[in-house]
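>>> I would like to see how this sequence folds:
(2 chains)
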Amino acid sequence: GENVEQHPSTLSVQEGDSAVIKCTYSDSASNYFPWYKQELGKRPQLIIDIRSNVGEKKDQRIAVTLNKTAKHFSLHITETQPEDSAVYFCAASNVDTGRRALTFGSGTRLQVQP
Amino acid sequence: NAGVTQTPKFQVLKTGQSMTLQCAQDMNHEYMSWYRQDPGMGLRLIHYSVGAGITDQGEVPNGYNVSRSTTEDFPLRLLSAAPSQTSVYFCASSQGGRGGEKLFFGSGTQLSVL
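Modelled structure (predicted):
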(Lines give C-alpha, C1' and ligand atoms only; values in the text may rest on other atoms or scores of the structure.)
Protein backbone atom coordinates (compact mmCIF):
# COMPACT_ATOMS: atom_id res chain seq x y z
CA GLY A 1 0.00 0.00 0.00
CA GLU A 2 0.84 3.68 -0.09
CA ASN A 3 3.22 5.18 2.49
CA VAL A 4 3.50 8.93 2.97
CA GLU A 5 6.33 10.48 4.94
CA GLN A 6 6.16 14.11 6.07
CA HIS A 7 8.90 16.46 7.30
CA PRO A 8 9.52 18.29 9.49
CA SER A 9 7.34 17.22 12.39
CA THR A 10 7.54 20.71 13.91
CA LEU A 11 8.36 24.04 12.31
CA SER A 12 8.68 27.44 13.95
CA VAL A 13 8.93 30.60 11.86
CA GLN A 14 8.72 34.33 12.44
CA GLU A 15 5.66 36.15 11.22
CA GLY A 16 6.20 37.23 7.63
CA ASP A 17 8.67 34.44 6.84
CA SER A 18 7.96 31.55 4.49
CA ALA A 19 7.30 27.97 5.59
CA VAL A 20 7.87 24.81 3.58
CA ILE A 21 6.59 21.34 4.44
CA LYS A 22 7.70 18.34 2.42
CA CYS A 23 6.13 14.94 1.77
CA THR A 24 7.26 11.86 -0.09
CA TYR A 25 5.05 9.01 -1.27
CA SER A 26 5.85 5.45 -2.21
CA ASP A 27 3.21 4.42 -4.75
CA SER A 28 3.98 5.80 -8.20
CA ALA A 29 0.32 5.25 -9.16
CA SER A 30 -0.86 7.91 -6.68
CA ASN A 31 -2.28 10.87 -8.56
CA TYR A 32 -4.12 13.04 -6.05
CA PHE A 33 -2.34 15.01 -3.32
CA PRO A 34 -4.37 17.16 -0.89
CA TRP A 35 -3.21 19.20 2.09
CA TYR A 36 -5.31 19.56 5.23
CA LYS A 37 -4.98 22.11 8.03
CA GLN A 38 -6.07 21.29 11.57
CA GLU A 39 -6.25 24.07 14.11
CA LEU A 40 -6.00 23.14 17.78
CA GLY A 41 -9.08 21.20 18.88
CA LYS A 42 -10.72 21.52 15.48
CA ARG A 43 -11.42 19.20 12.58
CA PRO A 44 -9.07 18.93 9.57
CA GLN A 45 -10.01 21.12 6.62
CA LEU A 46 -8.81 20.99 3.03
CA ILE A 47 -6.68 23.98 2.09
CA ILE A 48 -5.29 23.01 -1.32
CA ASP A 49 -4.88 19.96 -3.51
CA ILE A 50 -3.01 19.01 -6.67
CA ARG A 51 -3.36 16.29 -9.26
CA SER A 52 -0.55 14.49 -11.02
CA ASN A 53 -1.12 16.25 -14.34
CA VAL A 54 -0.15 19.57 -12.74
CA GLY A 55 3.28 20.56 -11.40
CA GLU A 56 2.27 23.54 -9.28
CA LYS A 57 -0.86 25.15 -7.91
CA LYS A 58 -1.27 28.44 -6.05
CA ASP A 59 -4.02 29.94 -3.93
CA GLN A 60 -3.12 33.34 -2.51
CA ARG A 61 -0.32 32.76 0.03
CA ILE A 62 -0.21 28.99 -0.28
CA ALA A 63 1.20 26.87 -3.09
CA VAL A 64 1.85 23.20 -3.66
CA THR A 65 4.48 21.73 -5.95
CA LEU A 66 4.68 18.16 -7.20
CA ASN A 67 7.67 16.23 -8.52
CA LYS A 68 6.34 12.93 -9.88
CA THR A 69 9.76 11.62 -10.82
CA ALA A 70 11.08 12.01 -7.29
CA LYS A 71 7.68 11.18 -5.77
CA HIS A 72 7.56 14.19 -3.51
CA PHE A 73 5.33 17.19 -3.06
CA SER A 74 5.61 20.30 -0.92
CA LEU A 75 3.44 22.95 0.68
CA HIS A 76 4.72 26.51 0.59
CA ILE A 77 3.22 29.25 2.76
CA THR A 78 4.48 32.77 2.15
CA GLU A 79 4.15 35.81 4.40
CA THR A 80 3.11 33.66 7.34
CA GLN A 81 0.65 35.02 9.87
CA PRO A 82 -0.18 33.88 13.43
CA GLU A 83 -3.44 32.36 12.15
CA ASP A 84 -1.38 29.98 10.01
CA SER A 85 -0.33 28.22 13.24
CA ALA A 86 -1.81 24.71 13.03
CA VAL A 87 -0.98 21.12 12.18
CA TYR A 88 -0.73 20.46 8.46
CA PHE A 89 -1.24 17.03 6.91
CA CYS A 90 -0.32 15.92 3.43
CA ALA A 91 -2.04 12.94 1.84
CA ALA A 92 -1.96 10.83 -1.30
CA SER A 93 -4.33 8.54 -3.16
CA ASN A 94 -4.96 6.91 -6.51
CA VAL A 95 -8.36 8.12 -7.67
CA ASP A 96 -8.45 5.63 -10.52
CA THR A 97 -8.80 2.55 -8.33
CA GLY A 98 -12.19 3.59 -6.99
CA ARG A 99 -11.11 2.85 -3.42
CA ARG A 100 -10.75 6.55 -2.65
CA ALA A 101 -8.65 5.75 0.40
CA LEU A 102 -6.42 8.67 1.35
CA THR A 103 -3.12 7.90 3.08
CA PHE A 104 -2.04 10.74 5.35
CA GLY A 105 1.39 11.85 6.48
CA SER A 106 2.14 12.13 10.18
CA GLY A 107 1.62 15.89 10.29
CA THR A 108 3.68 19.06 10.76
CA ARG A 109 3.00 21.42 13.65
CA LEU A 110 3.64 24.94 12.36
CA GLN A 111 4.06 27.72 14.87
CA VAL A 112 4.22 31.30 13.62
CA GLN A 113 5.84 33.59 16.16
CA PRO A 114 4.45 37.14 16.17
CA ASN B 1 -27.20 21.98 6.41
CA ALA B 2 -25.30 20.48 9.36
CA GLY B 3 -22.56 18.75 7.32
CA VAL B 4 -21.01 15.77 9.14
CA THR B 5 -22.29 15.15 12.66
CA GLN B 6 -20.51 12.87 15.10
CA THR B 7 -21.70 11.74 18.50
CA PRO B 8 -20.62 11.52 21.24
CA LYS B 9 -17.85 14.14 21.53
CA PHE B 10 -16.24 12.42 24.50
CA GLN B 11 -16.45 8.86 25.79
CA VAL B 12 -14.71 6.86 28.50
CA LEU B 13 -14.90 3.08 28.34
CA LYS B 14 -13.58 0.23 30.40
CA THR B 15 -11.58 -2.50 28.73
CA GLY B 16 -13.92 -5.05 27.17
CA GLN B 17 -16.91 -2.75 26.84
CA SER B 18 -18.53 -2.20 23.46
CA MET B 19 -19.92 0.98 21.99
CA THR B 20 -20.97 2.62 18.75
CA LEU B 21 -19.72 5.95 17.46
CA GLN B 22 -22.37 7.62 15.37
CA CYS B 23 -21.77 9.54 12.15
CA ALA B 24 -24.37 11.18 9.95
CA GLN B 25 -24.10 13.49 6.95
CA ASP B 26 -26.81 15.50 5.23
CA MET B 27 -24.96 16.33 2.01
CA ASN B 28 -25.99 13.18 0.10
CA HIS B 29 -22.35 12.11 -0.11
CA GLU B 30 -21.62 8.65 -1.47
CA TYR B 31 -18.29 8.24 0.28
CA MET B 32 -17.94 7.99 4.05
CA SER B 33 -14.97 6.97 6.15
CA TRP B 34 -13.60 6.65 9.67
CA TYR B 35 -10.12 7.78 10.71
CA ARG B 36 -8.32 7.62 14.00
CA GLN B 37 -5.81 10.28 14.99
CA ASP B 38 -2.95 9.47 17.33
CA PRO B 39 -0.07 11.79 18.28
CA GLY B 40 2.75 11.64 15.75
CA MET B 41 0.88 9.22 13.50
CA GLY B 42 -1.41 11.43 11.51
CA LEU B 43 -4.81 10.20 10.40
CA ARG B 44 -5.15 6.48 9.76
CA LEU B 45 -8.06 5.03 7.83
CA ILE B 46 -10.11 2.42 9.71
CA HIS B 47 -13.01 1.61 7.35
CA TYR B 48 -14.73 3.33 4.47
CA SER B 49 -17.82 3.03 2.30
CA VAL B 50 -18.42 4.09 -1.29
CA GLY B 51 -22.18 3.75 -1.02
CA ALA B 52 -25.05 2.19 0.91
CA GLY B 53 -24.48 -1.52 1.44
CA ILE B 54 -20.77 -1.32 0.51
CA THR B 55 -17.93 -1.18 3.04
CA ASP B 56 -14.23 -1.94 2.90
CA GLN B 57 -11.29 -2.08 5.25
CA GLY B 58 -8.71 0.64 5.58
CA GLU B 59 -5.26 0.64 7.11
CA VAL B 60 -6.20 -0.27 10.73
CA PRO B 61 -9.52 -2.18 10.73
CA ASN B 62 -8.91 -4.69 13.52
CA GLY B 63 -11.27 -4.34 16.47
CA TYR B 64 -13.80 -2.21 14.55
CA ASN B 65 -16.93 -2.99 12.57
CA VAL B 66 -18.97 -0.78 10.27
CA SER B 67 -22.18 -0.98 8.27
CA ARG B 68 -23.83 1.36 5.77
CA SER B 69 -27.55 0.73 5.59
CA THR B 70 -28.39 4.27 4.44
CA THR B 71 -26.56 6.98 2.52
CA GLU B 72 -26.67 9.28 5.56
CA ASP B 73 -25.33 7.09 8.37
CA PHE B 74 -22.06 5.26 8.92
CA PRO B 75 -21.67 4.02 12.51
CA LEU B 76 -18.40 2.62 13.86
CA ARG B 77 -18.64 -0.20 16.37
CA LEU B 78 -15.98 -1.14 18.90
CA LEU B 79 -16.67 -4.75 19.75
CA SER B 80 -14.47 -5.14 22.85
CA ALA B 81 -12.62 -1.94 23.70
CA ALA B 82 -8.89 -2.07 24.41
CA PRO B 83 -6.54 0.64 25.74
CA SER B 84 -4.85 0.69 22.32
CA GLN B 85 -8.10 2.11 20.92
CA THR B 86 -7.72 5.28 22.98
CA SER B 87 -7.66 7.92 20.26
CA VAL B 88 -9.54 10.73 18.57
CA TYR B 89 -11.92 9.40 15.92
CA PHE B 90 -13.01 11.39 12.90
CA CYS B 91 -15.76 10.57 10.46
CA ALA B 92 -15.40 12.10 6.99
CA SER B 93 -17.45 12.16 3.81
CA SER B 94 -17.10 13.30 0.23
CA GLN B 95 -19.22 13.48 -2.90
CA GLY B 96 -19.50 10.64 -5.32
CA GLY B 97 -17.41 10.30 -8.43
CA ARG B 98 -14.04 8.78 -9.05
CA GLY B 99 -12.33 10.24 -6.02
CA GLY B 100 -10.11 13.21 -5.45
CA GLU B 101 -12.87 15.20 -3.80
CA LYS B 102 -12.69 17.33 -0.69
CA LEU B 103 -13.20 15.40 2.53
CA PHE B 104 -15.62 16.94 5.01
CA PHE B 105 -14.75 15.94 8.56
CA GLY B 106 -16.93 15.70 11.62
CA SER B 107 -15.89 17.39 14.85
CA GLY B 108 -14.35 14.23 16.28
CA THR B 109 -14.90 11.85 19.20
CA GLN B 110 -12.28 11.67 21.92
CA LEU B 111 -12.30 8.11 23.26
CA SER B 112 -10.45 6.89 26.33
CA VAL B 113 -10.29 3.19 27.17
CA LEU B 114 -9.20 2.45 30.72
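>>> show me what contacts A:Ser9?
Residues counted as contacts of A:Ser9 (CB atoms under 8 Å, 6 or more residues apart in numbering or on different chains) are A:Ser106, A:Gly107, A:Thr108, A:Arg109, B:Gly40. C-beta: built from backbone N, CA, C; applies to glycine.
>>> Let me have those in CSV, extended by neighbour count, distance to B:Leu79 and secondary structure.
Below are the contacts of A:Ser9 laid out as CSV (neighbours: other CB atoms under 10 Å in any protein chain shown; distance: CB to CB, whole Å; DSSP: H, G, I helix; E, B strand; the rest coil):
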residue, neighbour count, distance to B:Leu79, secondary structure
A:Ser106, 20, 28, coil
A:Gly107, 24, 29, coil
A:Thr108, 23, 34, strand
A:Arg109, 15, 33, strand
B:Gly40, 7, 26, coil
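>>> Show me what from chain B comes close to chain A.
Contact residues (CB under 8 Å from any CB of the partner chain) of chain B with chain A: B:31, B:33, B:35, B:40-45, B:48, B:50, B:56, B:58-59, B:90, B:94, B:98-100, B:102-103, B:105-108.
>>> Go again with 7 Å.
Taking CB under 7 Å from any CB of the partner chain as the contact definition, chain B meets chain A at B:31, B:40-43, B:45, B:48, B:50, B:56, B:58, B:90, B:98-100, B:102-103, B:105-108.
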